[in-house]
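3D model of this:
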Amino acid sequence: MASNSAREPHPPDERVMGALRSGRTAETWLAACVQWCRADGAAVVAESAADADVRLVTYATDDLAERLADLQYLLGCGPHTESMAGAGHSRLDVEDPDHGVRWTTLVDELATLGVVEVATFPIGAPATPLGTLQMYWRGRRRSSTHSDAAIAALVERRPELLAPRVPLCDDLDGDSVLTAVDGGPDHGFDLSTVHLAIGVVVARHHLGVQAASALLRAQAYSAGTTVTEQARRVLDDQRG
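Residues are numbered from 1 along each chain as shown. From the prediction side, this is the model:
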């Protein structure tokens, strides 16, 4: 089984807590979360739980964070795979003998890269995640650090982390997120086109509406285009 930390969380200091409460975008919120966790970097990966090939790294704090996310994908194992399978938050420790047996190649690669721990946290409902937040550590964490459960409780309520440029808000609805990513109705946002494309994504990848919306946003962000333009591409592909 993956290692889930049982340590009690330490409270973030007032400056970090202020950033978590008032982060205006997912990017600023993630920076505060990484600081609280004393991690060395993080990446956000959007993925279809029904089709592992539908996968995008939508944000990374640094090149190594993105490389580690790609490594887990290429090897097809590790904490990310566990989290996407509904296991909840998951952690790999390169010095844990059980992890060395279970994930031999991944552990060897991490050791070569100077990484001692990797943890993943489901974004959205843990049983049917939309993707994961992945963090890594180059040094051993202090015994007084956070618990993984505390991080997971924060992350699972933030599906908008999949689209780092989306403004954060407490009561988020799909249309407002899509509009925010797209630049607003005055910048060509076409709600009917987007809704139709979401329906295609739902049918194609056997996703729920929320997951399909998140995936469409992530694809648009990765391609450097608007949600409406990405929706048109989906519909064009469907028409053949």
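
which residues of this structure fall in helices?
Secondary structure of the chain by DSSP state H: the helices cover 14-22, 26-37, 63-75, 79-82, 97-102, 104-112, 148-155, 174-182, 191-205, 209-223, 227-239.

Worst mean pLDDT among these?
The minimum mean pLDDT among those belongs to helix 174-182 (a mean of 44).

thinking again about what came up before, same list (the helices of the chain) but as JSON lines, adding mean neighbour count and distance to Val118.
Any C-beta I mention is one placed from the backbone N, CA and C, and that applies to glycine too. Converted to JSON lines, these look like this (neighbours: other Cβ atoms under 10 Å; distance: least, Cβ to Cβ, whole Å):
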{"stretch": "helix 14-22", "mean neighbour count": "13", "distance to Val118": "22"}
{"stretch": "helix 26-37", "mean neighbour count": "20", "distance to Val118": "12"}
{"stretch": "helix 63-75", "mean neighbour count": "18", "distance to Val118": "6"}
{"stretch": "helix 79-82", "mean neighbour count": "25", "distance to Val118": "6"}
{"stretch": "helix 97-102", "mean neighbour count": "14", "distance to Val118": "10"}
{"stretch": "helix 104-112", "mean neighbour count": "16", "distance to Val118": "7"}
{"stretch": "helix 148-155", "mean neighbour count": "20", "distance to Val118": "12"}
{"stretch": "helix 174-182", "mean neighbour count": "20", "distance to Val118": "28"}
{"stretch": "helix 191-205", "mean neighbour count": "18", "distance to Val118": "26"}
{"stretch": "helix 209-223", "mean neighbour count": "22", "distance to Val118": "21"}
{"stretch": "helix 227-239", "mean neighbour count": "18", "distance to Val118": "30"}
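
To Met135, which of the ones you listed lies closest?
Closest approach to Met135 among the helices of the chain is made by helix 26-37 (6.0 Å; Cβ to Cβ).

from the chain's centre, how far out does that closest one sit?
Helix 26-37 has its C-alpha centroid displaced from the chain centroid by 13 Å (Cα atoms, centre = their mean, to the nearest Å).

go on, stretch 96-115?
The answer for stretch 96-115 is 22 Å, by Cα atoms, centre = their mean.

what comes into contact with it?
For stretch 96-115, contacts defined as Cβ atoms under 8 Å, 6 or more residues apart in numbering pick out 3, 64, 67-68, 71-72, 75, 77-78, 92-94, 116, 118, 136-138.

Distance to Pro126 for the helices of the chain - can I get that in CSV?
CSV is the format used below for the helices of the chain (distance: least, Cβ to Cβ, whole Å):
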stretch, distance to Pro126
helix 14-22, 20
helix 26-37, 17
helix 63-75, 18
helix 79-82, 11
helix 97-102, 21
helix 104-112, 22
helix 148-155, 7
helix 174-182, 20
helix 191-205, 19
helix 209-223, 13
helix 227-239, 26
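
right, so of these, which gets closest to Leu162?
helix 209-223 (4.7 Å).

tell me what that closest one is packed against?
strand 41-48, strand 51-60, helix 174-182, helix 191-205, helix 227-239 (3 or more Cβ pairs under 8 Å, 6 or more residues apart in numbering; DSSP states H and E).

closest one to Ala149 among those?
strand 41-48 (17.6 Å).

Starting from that closest one, tell me which strands it pairs with and how they run.
In the sheet, strand 41-48 lines up against strand 51-60 (antiparallel), strand 131-137 (antiparallel) (DSSP bridges).

separation between the closest residue to Arg232 other than its chain neighbours and Ala26?
Nearest non-adjacent residue to Arg232, counting by Cβ to Cβ, 6 or more residues apart in numbering: Thr193, 6.2 Å away. According to Cβ to Cβ, to the nearest Å, Thr193 stands 24 Å off from Ala26.
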